[in-house]
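# Any chance you can model this:
(2 chains)
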Amino acid sequence: MRLTNYFLPTLKEEPKEAEIVSHRLMLRAGMIKQQAAGLYSWLPLGYKVLRKIQTIIEQEQNRAGAIQMLMPTLQPAELWRESGRYDSFGKEMLRITDRHDRDLLFGPTNEEMITDIFRSYVRSYKELPLNLYHIQWKFRDEIRPRFGTMRSREFLMKDAYSFDIDREAAEKTYQRMFVAYLRTYFRMGLTAIPMRAETGPIGGDLSHEFIVLAETGESAVFCDRDILQKPIPARDTDFNGDLSAIVDEWTTPYAATEDMVDMEEFEQKVPEERRIAARGIEVGQLFYFGSKYSASMNANVTEADGKDVAVHSGSYGIGLTRLVPALIEAFHDENGIVWPVSVAPFEVILINLKAGDELCSKTCDSLYGQLQTAGLDVLYDDTSGGAGGKFANADLVGIPFQLIIGPRGAKSGEAEIKNRKTGERETMPIENAVQYLKDIIEPERRDTV
RNA sequence: CGGAGUAUAGCGCAGUCUGGUAGCGUACCAUGUUCGGAACGUGGGGGUCGCAGGUUCAAAUCCUGCUACUCCGACCA
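Sure, this is the predicted structure:
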């Protein structure tokens, strides 16, 4: 993409409404625009990151055996009356009336609807297990939305819903999602720590939150440093096999949020030098809630012995629109964002330092074509501004590698490559630059590990 | 929903106390000099001062009401 043809409205000055660093940087890097309290437009750069995150989530959900579909944002109130949540959910649920005076709601979650789909079509235990997911916009009318898209009213979520014949089978599904989550966050460059969690209003008795450590995290968390060293399950993990060893390994070190922590237990189980008391951002949650909805909504299947039983269910969420700021909280410095390659809006930015110089522009145009041919996701800064502005902008939006060509280099045949994360610069013959970038970027995509 | 603030050019702000019809920085347009970390000069365009009502010869400024947004708290993926 040529920057002269793109839409990237970056801001030099600090927007006054933003308090935390990720919100400020998302506004300054031209990723989002606030439209009302808790409602945001995703501008091209921000949307590109969101799509990359979505692709990783989809790949890992599919790998773990979940099946993608899509449910509507608006739901009929009847389903929620059936489960009893129409009245109990409270004012966070946005209620809408259509022209026929029918009660609708903007879905804050989809347990009722997926259960309705399930009971409409599934009759036999032979069709289990089933794990369906969708990635859809949800709405919760938060009393006080804040921190940009970290806590917005409208938000994009991946929700998977599983159906199993009994608790044992449901726990296996739970473990598959657990492993998929470890891989998902790892591929985004994050270390997300699974912590025993309260089950909250969704109900049930088995739940983990996945937490990313960050100073601006909304909750205090306590864990054993050991958990940060645990190995990530490989790409070829057999999701049909027994995953309990992996889950056990990850759930043995102490890790709990402030809601669940027992300080005495924490201090007793974790030696002082390994204790981490920090703040964290929740980026996903797993729930097993048994037959809570299947029983009240008649989602039964017939077993081998001819008897009907209510299925055992779980739900598994990942907040995409919250992951973006969580990533920025984890990856930034004083100059701007520092994206990991796998979620970066572009992998490399080609900077033409002097767009008016014939040789310089010719060299850059050629490199731009080569980078595209090499399969790299490239933004080409072909604007006519000064060098300082271009460097500042490239640093701000956080593209992992900068390929810098100035008139001097164009003449002498030298290219400069800056690593955004380390700040290191390397000079090399121009003809080597594309292969050099390809070699360092491809493994960083983490799509083959 | 309780408490505290803010609203003036695209963005960041001053002007409001003490009423006289709007200014600074930046961004934008033109032009010239620059050209490796947001460079400089000259010229230019852009604001019914959040909305409504009131007081006054005169309101960004004083009074009343409303709206939006932000922060703290309770709540939450």
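
# So what's the residue count around residue A:270?
By other CB atoms under 10 Å, the residues close to residue A:270 number 19. C-betas here are computed from N, CA, C, even on glycine.

# so the nearest residue to it once chain neighbours are set aside bridges to which residues?
In space, and not counting its chain neighbours, residue A:270 is closest to residue A:224: 4.7 Å by CB to CB, 6 or more residues apart in numbering. Residue A:224 has the following beta-bridge partners by DSSP bridges: residue A:275.

# Can you tell me how far residue A:224 is from RNA strand B?
Separation of residue A:224 from RNA strand B (CB to the nearest atom of the strand, to the nearest Å) stands at 22 Å.

# Over to residue A:187?
Distance of residue A:187 to RNA strand B, given as CB to the nearest atom of the strand: 20 Å.

# where does that residue fall, phi/psi-wise?
Main-chain dihedrals, residue A:187, degrees, to the nearest 10: phi -60, psi -20.

# So what's the residue count around it?
The number of residues near residue A:187, taken as other CB under 10 Å, comes to 23.

# If I look at it, what pLDDT would I see?
Note on residue A:187: pLDDT of 97.

# Tell me what the residue nearest to residue A:160 when sequence neighbours are not counted is bridged to.
Among residues not flanking residue A:160 along the chain, residue A:133 sits closest, at 3.6 Å (CB to CB, 6+ apart). Per DSSP bridges, the residues bridged to residue A:133 are residue A:68, residue A:160.

# Let's see the pLDDT reported for the residue in chain A that RNA strand B sits nearest to.
Nearest to RNA strand B, among the residues of chain A, is residue A:388, at 1.9 Å (CB to the nearest atom of the strand). Per-residue confidence at residue A:388 stands at 94 (pLDDT).

# which residues does it contact?
Contact analysis of residue A:388 by CB atoms under 8 Å, 6 or more residues apart in numbering lists nothing.

# In the one helix or strand it maps to, which residues are buried?
Residue A:388 belongs to helix A:387-397 when elements are defined using DSSP states H and E. Buried residues in helix A:387-397, counted by 16 or more other CB atoms under 10 Å: A:390, A:391, A:392, A:393, A:394, A:395, A:396, A:397.

# And the helix or strand just after that helix, how far out from the chain middle?
Using DSSP H and E, the helix or strand that directly follows helix A:387-397 along the chain is strand A:401-405. The chain centroid and the centroid of strand A:401-405 are separated by 28 Å under CA atoms, centre = their mean, to the nearest Å.

# CA atoms only: put strand A:401-405 into PDB for me.
Coordinates of each C-alpha in strand A:401-405 appear next as PDB, following Å, rounded to 0.1, in the frame of the first residue of the first chain:
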ATOM      1  CA  PHE A 401      10.800  -3.100  10.300                       C
ATOM      2  CA  GLN A 402      11.700   0.100   8.400                       C
ATOM      3  CA  LEU A 403      13.400  -0.100   5.100                       C
ATOM      4  CA  ILE A 404      15.000   3.300   4.700                       C
ATOM      5  CA  ILE A 405      16.200   4.600   1.400                       C
END
